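Engineer: Return atomic coordinates for the entry below.
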Amino acid sequence: MKNQFFIILLVFVGSLLYTPVTAQSLSISVIENSIKKDGKYAILVSNSRYFQAAVRTGKGLKAKHSELDFQVVLIGPVVKDLAKDESLKSSIETSEKFGIRLVVCEAAMNHFELKQTDYHNYIAFTPDGFVYFLGLQESGFKTITL
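Structural biologist: Residues are numbered from 1 along each chain as shown. This is a model prediction of the structure:
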């Protein structure tokens, strides 16, 4: 008898607390329009394909909101590609044109035995790409890693 009372009480209380959950579906345009005009965004990339995608993303955002701060932090193998692969030159020039800051990790440069003079003059350098990226996060940047 005690068990039946407890079950009935549980069902009753549960029915009082039950709130149906409905998923909200935001349209793509609502989400894309939520980008702040003066927002701060950064992407950490380690390969050239992701570098090119990051630049395209930055170009699209900066075309809509020129005051937006968009940075691409480069670590790993892309650091070598950026110095040696001529096909990436157009992405660097696009970055310069749209004001997308490119920051190369000097630790990766040292690993691949590269010098600052191996890079386009628009590129900035940091001793440690991870530390720089963490600093961007602490400075309020929205960040992703590819």
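Engineer: Ramachandran coordinates for residue 70?
Structural biologist: Phi and psi for residue 70, reported as degrees, to the nearest 10, are phi -130, psi 120.
Engineer: give me every residue that touches it.
Structural biologist: Residue 70 is in contact with 41, 42, 58, 61, 62, 99, 100, 101, counting by C-beta atoms under 8 Å, 6 or more residues apart in numbering. Bear in mind the C-beta positions are built from the backbone N, C-alpha and C, glycine included.
Engineer: any idea which element the third one lies in?
Structural biologist: It refers to residue 58. Secondary structure from DSSP states H and E places residue 58 in helix 48-64.
Engineer: Report the buried residues of that helix.
Structural biologist: Buried residues in helix 48-64, counted by 16 or more other C-beta atoms under 10 Å: 48, 50, 51, 52, 53, 54, 55, 57, 58, 59, 61, 62.
Engineer: quick revisit: now pLDDT too, for the contacts of residue 70, in TSV please.
Structural biologist: Formatted as TSV, the contacts of residue 70 follow (pLDDT from 0 to 100):
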residue	pLDDT
41	97
42	98
58	97
61	95
62	95
99	97
100	98
101	98
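Engineer: closest to residue 135 among these?
Structural biologist: Taking C-beta to C-beta as the measure, residue 135 lies nearest residue 42 of the contacts of residue 70, at 9.9 Å.
Engineer: ok now stretch 84-91, how far from the chain's centre?
Structural biologist: 21 Å (C-alpha atoms, centre = their mean, to the nearest Å).
Engineer: To clarify, my last question referred to stretch 38-56.
Structural biologist: Per C-alpha atoms, centre = their mean, the centroid offset for stretch 38-56 relative to its chain is 6 Å.
Engineer: Which one of the contacts of residue 70 is nearest to residue 143?
Structural biologist: When these are compared against residue 143 (criterion: C-beta to C-beta), the nearest one is residue 42, at 4.7 Å.
Engineer: What segments of the protein are strands?
Structural biologist: For the chain, the strands defined by DSSP state E cover 40-45, 69-74, 101-105, 124-126, 142-145.
Engineer: partner strands of the fourth one, parallel or antiparallel?
Structural biologist: Sheet pairing of strand 124-126 (DSSP bridges) gives strand 101-105 (parallel).
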